[in-house]
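Asker: Fold the stuff below for me.
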Amino acid sequence: MDLRPRKKQPFSGFTKAEVARMEQFLYESKQQSLDDGCYKKLARVFNRSSGRAGKPLLKWTQVQIWFQNHQQKSSSQQTSFVPADPQPHKAHQTPNIPQGEKDQELSRLEFEARSSKDGAWYDVNTFLAHRFLSSGDIEVRVRYVGFGAEEDEWVNTRTAVRLRSIPLEHSECHKVKAGDLVVCFQERQDQARYYDAHVVEIQRRLHDIRGCRCLFLIKYDHDNSEEKVRLRRLCYRPNTITQYN
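Answerer: Numbering: from 1, shown residues only. The predicted model follows:
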């Protein structure tokens, strides 16, 4: 029997945008070892992205294995790493950030916009243009993460653009209260989208090795339908962060 440790196999289900983000992150880290917190935050960012809608949720260990394999490959080749740019026309580039500020880079201000097509919230990749309405409001043309130019649309900055919602940690479930505004990942047979919702009722359960096992009864704001969900499908709004501290 071969008792030698087997090499961890890389996960092959990353999207092109996710690979490009990890390549950029690897380049900025200067090949230094990253801690588990960085892998977990990247996994949460990817799972929150509309580009992963309808796809299996990523595990942070899959992100970790990707980095470990690519760090080993880069070290053996002894060459400088040049990240691929999946969006050469992107309006801005991520600046180099010292290793100690990676958490800040991941949590810096990002935005989401509500599509007029389905009323769901999508992560904003780029603000392409803006215009002033006769009402005094401002509209911006946005490109969503994971979508092409054919899905660009004009949205109202007052009613349909806001800071990006933030996934809840398993350890934060006890801070969620009935009546709270949340953003819920709605999974249907033919679609998976993020919608505003309010917490109606909470069934508290003991946590286990998988994390939070509580059930949250939520009511979606767009159609008043109700559903019981796990914590992993909930995000909180940055403007309500004080109640989660």
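Asker: How many residues are close by Gln68?
Answerer: 16 (other CB atoms under 10 Å). C-beta here means a position set from N, CA and C on the backbone, and glycine is covered the same way.
Asker: meant to ask about Phe14, not that
Answerer: 19.
Asker: And what about it, helix, strand or coil?
Answerer: What DSSP: H, G, I helix; E, B strand; the rest coil gives for Phe14 is coil.
Asker: likewise Ala20?
Answerer: helix.
Asker: Poorly predicted segments of the protein, please.
Answerer: 1-12, 27-33, 50, 54, 72-109, 239-245 (pLDDT under 70).
Asker: Show me the domain layout of it.
Answerer: Domain ranges of the chain: 16-106, 111-163, 166-244, per automatic domain parsing.
Asker: so who does the residue lying closest to Gly119 once chain neighbours are set aside touch?
Answerer: With CB to CB, 6 or more residues apart in numbering as the criterion, Gly119 has its nearest non-adjacent residue at 4.8 Å, and that residue is His222. Each residue near His222 by CB atoms under 8 Å, 6 or more residues apart in numbering is listed here: Gly119, Tyr195, Asp196.
Asker: hey, where'd the helices end up in this protein?
Answerer: 16-28, 36-48, 60-77, 102-106 (DSSP state H).
Asker: closest to Ile166 out of those?
Answerer: helix 36-48 (8.0 Å; CB to CB).
Asker: what angle do the closest one and helix 16-28 make?
Answerer: 160 degrees (axes from the mean of the first three to the mean of the last three CA atoms, to 10 degrees).
Asker: Show me what counts as buried in helix 36-48.
Answerer: Under the neighbour-count criterion of 16 or more other CB atoms under 10 Å, helix 36-48 has Cys38, Tyr39, Lys40, Lys41, Leu42, Ala43, Arg44, Val45, Phe46, Asn47, Arg48 buried.
Asker: For it, which outside residues touch it?
Answerer: 14-15, 18, 21-22, 25, 52, 57-64, 67, 102-103, 106-107, 123, 164-165, 167, 235.
Asker: And Leu42, how close does it get to Phe111?
Answerer: Distance of Leu42 to Phe111, given as CB to CB, to the nearest Å: 19 Å.
Asker: err, Thr61, not the other one
Answerer: Taking CB to CB, one finds Thr61 at 29 Å from Phe111.
Asker: what about the residue nearest to Leu128 when sequence neighbours are not counted, how many neighbours?
Answerer: Excluding the flanking residues, the one nearest Leu128 by CB to CB, 6+ apart is Arg141, at 4.4 Å. Using other CB under 10 Å, the number of residues around Arg141 comes to 14.
Asker: Can we start the residue count at 23 from this point?
Answerer: Sure, I'll start counting at 23 from here, so that last one is Arg163.
Asker: Would you check that Arg163 makes contact with Asn147?
Answerer: No. Judged on CB atoms under 8 Å, Arg163 makes no contact with Asn147 at a distance of 11.8 Å.
Asker: what are the C-alpha coordinates of stretch 147-154, in PDB please?
Answerer: What follows is stretch 147-154, C-alpha atoms only, in PDB (Å, rounded to 0.1, in the frame of the first residue of the first chain):
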ATOM      1  CA  ASN A 147     -17.600  45.900 -11.900                       C
ATOM      2  CA  THR A 148     -17.300  49.300 -13.500                       C
ATOM      3  CA  PHE A 149     -19.200  52.600 -13.700                       C
ATOM      4  CA  LEU A 150     -19.000  53.400 -17.400                       C
ATOM      5  CA  ALA A 151     -20.800  56.800 -17.600                       C
ATOM      6  CA  HIS A 152     -23.200  59.100 -15.900                       C
ATOM      7  CA  ARG A 153     -26.000  61.500 -16.800                       C
ATOM      8  CA  PHE A 154     -28.300  64.000 -15.100                       C
END
